[in-house]
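Peer 1: Sharing a model that was predicted from the sequence below.
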Amino acid sequence: MTEKLPFEALSVETLATRLSANEALCAIIGRDTGAWKVREVGDGNLNLVFIVEGDSGSAVVKQALPYVRLVGDSWPLPLKRSFFEYHALTRQEARAPGSVPSIHHFDEGQALIIMEYLSPHIILRRALIEGRQLPNIARDIGLFMARTLFRGSDLSMAAKDRKADLALFADNVELCDITENLVFSDPYFDAKLNRHTSPQLDGLVAEVRADRDLKVEAQRLKHIFAANAETLLHGDLHSGSIMVTDSETRMIDPEFAFYGPMAFDVGMLLANFWMSFFSQRGHEQDGSRDAMRAYLLDVVVETWSVFRSEFSHLWRTERTGMLYQKSLFEDQGDRLGAEQALDHVLHQIWTDLLGFAGIEVHRRILGLAHNADFETIADEDLRATCESKALRFGRHIAVNRRHIHSIEELNALAVLIEQENRI
Ligand code: SR1
Ligand code: MG
């Protein structure tokens, strides 16, 4: 039996020695460790990420740390998040083939995943800050969400399999706890780790924290998040969790995966497009971003439309789970009944996604984990103006989510708020 080594964080200096006997890595990049070039490129909030290049190829080595990297060892975080990320990636690949990096090796004890190095991909958030218009993202992400969310639910899976999987991911407690606090609660009171652009936003922050309707809605959404174990979510599907080229899109980093409401992934994703929209005014040093703003609103429309249409397609062709079973509808000649039920399900996703999107906008401006879209705007007055528009948009869609009927209506609201010049 091989001895189980205690966890030890890798470093640029130790990686080659530590992984020299790793058969999966050597098979990809070559055995001559003297030729390995190692860089640490992790810019996320939690983990170490190394790119390792050898004689015959390259790979990414991602390792969890026993604490939150952004904060330090005062905030311990279990290594098992790497286990959940690995298992989420395998399910996403099965449900939406080609949408995630391929995995070469997983070492649970060392909390590390060796996976495909995506090149020349860059993080979607960075591309959007640079003003790049990527033609395929709406389609690729819309399909990814529809396929993973539908196929991980009781609409598709055998109930026994889904319950076993739900039990497995139910242990991802600490990562859920981060979302439960950082997303749904902290922005709405004076939480210790909160920060915002100050003093410019001080007045608006006070308004948000005194907004009873908003706080109640945020807690109703937290309730849905915690209690509605509908499907296996990515759990952190923002533009920093997506890598792109002009023609390819891959989703990464599903360590927050757990069984939750379908609308959560969709809402978080769309919120990040709207935040990019509101941040563009802060990136106009080299010229107007009018075309980029129009592009982002089109991306929102297309993402939702692709999601709806693929979800509907799967509903009609792959509805093999225990919910809305065909034996009650199509098999009785009642295709209309199945369509009626589909409308109800899509409507629920729509209503809830608006709430999750509004809350996601708030936490990225008022909480601990901010977005580079706004953070890279050096002029603080300009940044605060962009952020205040996003905050007001977020508040409107979260509180009025049951009364907004179309994505076009929402985009028109975004344009209206964007054109106002006040904090
Ligand atoms: C302490 S972790 C902060 C955030 O980083 C991750 O990417 C998640 O979005 C989390 O909420
Ligand atoms: Mg991440």
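Peer 2: Happy to help now that I have it. Ligands and ions are numbered 1, 2, ... in the order given.
Peer 1: so S74 sits in a helix?
Peer 2: No - S74 is assigned strand when assessed by DSSP: H, G, I helix; E, B strand; the rest coil, not a helix.
Peer 1: can you give me the strands in the chain?
Peer 2: In order along the chain, the chain carries the following strands (DSSP state E): 37-40, 48-53, 58-63, 67-68, 72-76, 103-107, 112-116, 122-123, 231-233, 242-244, 249-251, 258-260.
Peer 1: Need the winner for burial among those strands.
Peer 2: For the strands of the chain, ranked by mean neighbour count under the definition mean count of other C-beta atoms under 10 Å, the leader is strand 231-233 at a mean of 27. C-betas here are computed from N, CA, C, even on glycine.
Peer 1: elements contacting that strand?
Peer 2: Packed against strand 231-233 by the contact rule (3 or more C-beta pairs under 8 Å, 6 or more residues apart in numbering; DSSP states H and E) you find helix 137-151, strand 258-260, helix 262-279.
Peer 1: that older thread, output the strands of the chain as a markdown table; include the columns distance to ligand 1 and mean pLDDT.
Peer 2: Compiled in a markdown table, the strands of the chain are given as follows (distance: least, C-beta to the nearest ligand atom, whole Å; pLDDT from 0 to 100):
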| stretch | distance to ligand 1 | mean pLDDT |
| --- | --- | --- |
| strand 37-40 | 18 | 98 |
| strand 48-53 | 13 | 98 |
| strand 58-63 | 13 | 98 |
| strand 67-68 | 5 | 96 |
| strand 72-76 | 7 | 94 |
| strand 103-107 | 20 | 98 |
| strand 112-116 | 16 | 98 |
| strand 122-123 | 12 | 97 |
| strand 231-233 | 13 | 98 |
| strand 242-244 | 12 | 98 |
| strand 249-251 | 13 | 98 |
| strand 258-260 | 13 | 98 |
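Peer 1: most packed of the helices and strands packed on strand 231-233?
Peer 2: Comparing the helices and strands packed on strand 231-233 by mean neighbour count (mean count of other C-beta under 10 Å), helix 262-279 comes out on top with a mean of 27.
Peer 1: so what does that one touch, helix or strand wise?
Peer 2: In terms of contacts (3+ C-beta pairs under 8 Å, 6+ apart), helix 262-279 is packed against helix 124-129, helix 137-151, strand 231-233, helix 290-317, helix 335-366, helix 372-375, helix 380-399, helix 407-419.
Peer 1: Name the stretch from these that approaches ligand 2 most closely.
Peer 2: Across the helices and strands packed on helix 262-279, ligand 2 has its closest neighbour in helix 124-129 (11.1 Å, C-beta to the ion).
Peer 1: Let me see the mean pLDDT of the closest one.
Peer 2: The average pLDDT within helix 124-129 is 98.
Peer 1: Can it be said to contact ligand 1?
Peer 2: No - figure legend: helix 124-129 not in contact with ligand 1 (C-beta under 6 Å from any ligand atom); closest approach 11.1 Å.
Peer 1: Is any residue of that helix near ligand 2?
Peer 2: No - applying C-beta under 5 Å from the ion, one finds that helix 124-129 is not in contact with ligand 2, the shortest distance being 11.1 Å.
Peer 1: in the stretch 301-423 of the chain, which ranges drop under the pLDDT threshold?
Peer 2: Low-confidence segments of the stretch 301-423 of the chain, defined by pLDDT under 70, are absent; every residue clears the threshold.
Peer 1: please redo it, this time with the cut-off set to 80
Peer 2: The model of the stretch 301-423 of the chain has pLDDT under 80 over residues 421-423.
Peer 1: Closest residue of the stretch 201-350 of the chain to ligand 1?
Peer 2: In the stretch 201-350 of the chain, the residue found nearest to ligand 1 is D236; the distance is 4.7 Å by C-beta to the nearest ligand atom.
Peer 1: Now whatever residue of the stretch 151-300 of the chain ends up closest to ligand 2: closest residue in space, sequence neighbours ignored.
Peer 2: Among the residues of the stretch 151-300 of the chain, D253 lies closest to ligand 2, at 3.7 Å counting by C-beta to the ion. By the measure of C-beta to C-beta, 6 or more residues apart in numbering, the closest residue to D253 outside its immediate chain neighbours is S241, 4.6 Å from it.
Peer 1: same deal with G109?
Peer 2: Once chain neighbours are set aside, the closest to G109 by C-beta to C-beta, 6+ apart is K4, at 5.4 Å.
Peer 1: you'd agree the one you found is up against Q110?
Peer 2: No - using C-beta atoms under 8 Å, K4 makes no contact with Q110, being 9.7 Å away.
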